[in-house]
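Novice: Build the 3D model from these lines:
(one chain, ligands or ions: 2)
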Amino acid sequence: IKRVTTHTIQELKNRGEKITALTAYDYSMAQVVDAAGVEMILVGDSASNVMAGHETTLPITLDQMIYHASSVVRAVKRALVIVDLPFGSYQGNSEEALRSAIRIMKESGAHAVKLEGGQEIKESIVRILSAGVPVMGHLGLTPQSIYKFGTYAVRAKEDAEAAKLMEDALMLQEVGCFGVVLEKIPAALTRQVSQALSIPTIGIGGGPDADGQILVLHDLLGITKEFKPRFLRRYADLNTVMTEAIAHYVDDVKAKDFPNEKEAY
Ligand code: KIV
Ligand code: NA
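Specialist: Ligands and ions are numbered 1, 2, ... in the order given. Okay, here's the model as predicted:
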């Protein structure tokens, strides 16, 4: 199997083919996602919500991200594996940012990192890139800043915030990021940024004109139930499938139907 690299991702944009990405946090699920043909797997700090049950992405630690990332890397044969730098591991200190990125690359074997923010974290991004580590940017609704925003509503609806987002996107390209995630911004702004940039944009809640799309795996599969933003399309109802399977098991054991003779030694 030919591995996907940051160059492959750029070629997809160059020839106008949409890029696919999903999150994964563990070995078993990453095997499925990789085999299904997704080009990029993000070990997102959404693991804080989906895996650990926290309300926000802020509590997850660098050690925990490395644990998730190394599990994913062991499963993946083809996809490009990108890992989120967690809250507190890169902001305001480019030396710490580089140290965090190097730990992720060394200890997990991942291929790239993702950081949230623009101008504010430019120094950190430049420093990580200077070590030869590919960086993906993330603009728009950046969940590590949820207490600044106050809500998970659509970002950059106002001209000033939209203009800053465009500036930040151009800066990320200029310093050498290989792509930018655009989260929950107006579709028209996604289109403008995607046309202005030569590097690929990956949208989530950004409409159809991003160069690629990403979703949280457990949302796409319908494992998570309460999270229902407009941008989410559920491709399965695994929550129901799993609940019914487990209830069936409980019934069979209670009824002394499982295990039967053939299932015993
Ligand atoms: O952590 C995450 O899952 C993400 C994507 C939704 C872009 O950052
Ligand atoms: Na994230």
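
Novice: Where does whichever residue of the stretch 151-265 of the chain sits closest to ligand 2 sit: helix, strand or coil?
Specialist: Nearest residue of the stretch 151-265 of the chain to ligand 2 (CB to the ion) works out as residue 181 at 8.0 Å. Where you see a C-beta, it was placed from the backbone N, CA and C, and this is true even at glycine. Secondary structure, DSSP: H, G, I helix; E, B strand; the rest coil: residue 181 is strand.

Novice: which residues does it contact?
Specialist: 114, 136-140, 201-204, 214 (CB atoms under 8 Å, 6 or more residues apart in numbering).

Novice: Do you know the pLDDT at it?
Specialist: The model reports residue 181 with a pLDDT of 99.

Novice: Give the bridge partners for it, please.
Specialist: residue 138, residue 202 (DSSP bridges).

Novice: so how far is ligand 1 from it?
Specialist: In this view, residue 181 and ligand 1 are 5 Å apart by CB to the nearest ligand atom, to the nearest Å.

Novice: Repeat that for residue 125.
Specialist: Taking CB to the nearest ligand atom as the measure, residue 125 falls 16 Å from ligand 1.

Novice: Can you verify that residue is assigned to a helix?
Specialist: Yes - counting by three-state DSSP, residue 125 falls inside a helix.

Novice: Correct me if wrong: it contacts residue 177.
Specialist: Yes - between residue 125 and residue 177 a contact is recorded at 6.8 Å, counting by CB atoms under 8 Å.

Novice: joint contacts of those two?
Specialist: Common neighbours of residue 125 and residue 177 (CB under 8 Å, 6+ apart) are 135, 137.

Novice: which residues sit in contact with the residue in the chain that ligand 1 sits nearest to?
Specialist: With CB to the nearest ligand atom, the shortest gap between the chain and ligand 1 falls at residue 44, namely 2.4 Å. By CB under 8 Å, 6+ apart, residue 44 lies in contact with 23, 25, 84, 216.

Novice: list the contacts for the second one?
Specialist: The neighbourhood of residue 25, defined by CB under 8 Å, 6+ apart, consists of 43-44, 47, 50-51, 68, 71-72.

Novice: Kindly recompute the last result at 7 Å.
Specialist: Applying CB atoms under 7 Å, 6 or more residues apart in numbering to residue 25 gives the contacts 43, 47, 50-51, 68, 72.

Novice: Would you mind listing what in this structure touches ligand 1?
Specialist: Contact residues, the chain versus ligand 1 (CB under 6 Å from any ligand atom): 23, 42, 44-46, 84, 181, 183, 204, 214, 216.

Novice: Among those, which ones are in helices?
Specialist: If you go by DSSP state H, those have nothing in helices.

Novice: what comes up buried for stretch 138-154?
Specialist: The neighbour-count criterion (16 or more other CB atoms under 10 Å) identifies 138-146, 154 as the buried residues of stretch 138-154.

Novice: what's the spacing between it and its chain's center?
Specialist: Averaged C-alpha coordinates place stretch 138-154 at 15 Å from its chain's average position (CA atoms, centre = their mean, to the nearest Å).

Novice: Equivalent analysis for stretch 125-133, please.
Specialist: Here stretch 125-133 is found 20 Å from its chain centre; the criterion is CA atoms, centre = their mean.

Novice: which parts of that stretch are buried?
Specialist: 125, 127-129, 133.

Novice: Tell me which stretches of the stretch 101-250 of the chain form strands.
Specialist: For the stretch 101-250 of the chain, applying DSSP state E, counting those that start in this stretch gives strands covering 112-114, 135-140, 179-183, 201-204, 212-215.
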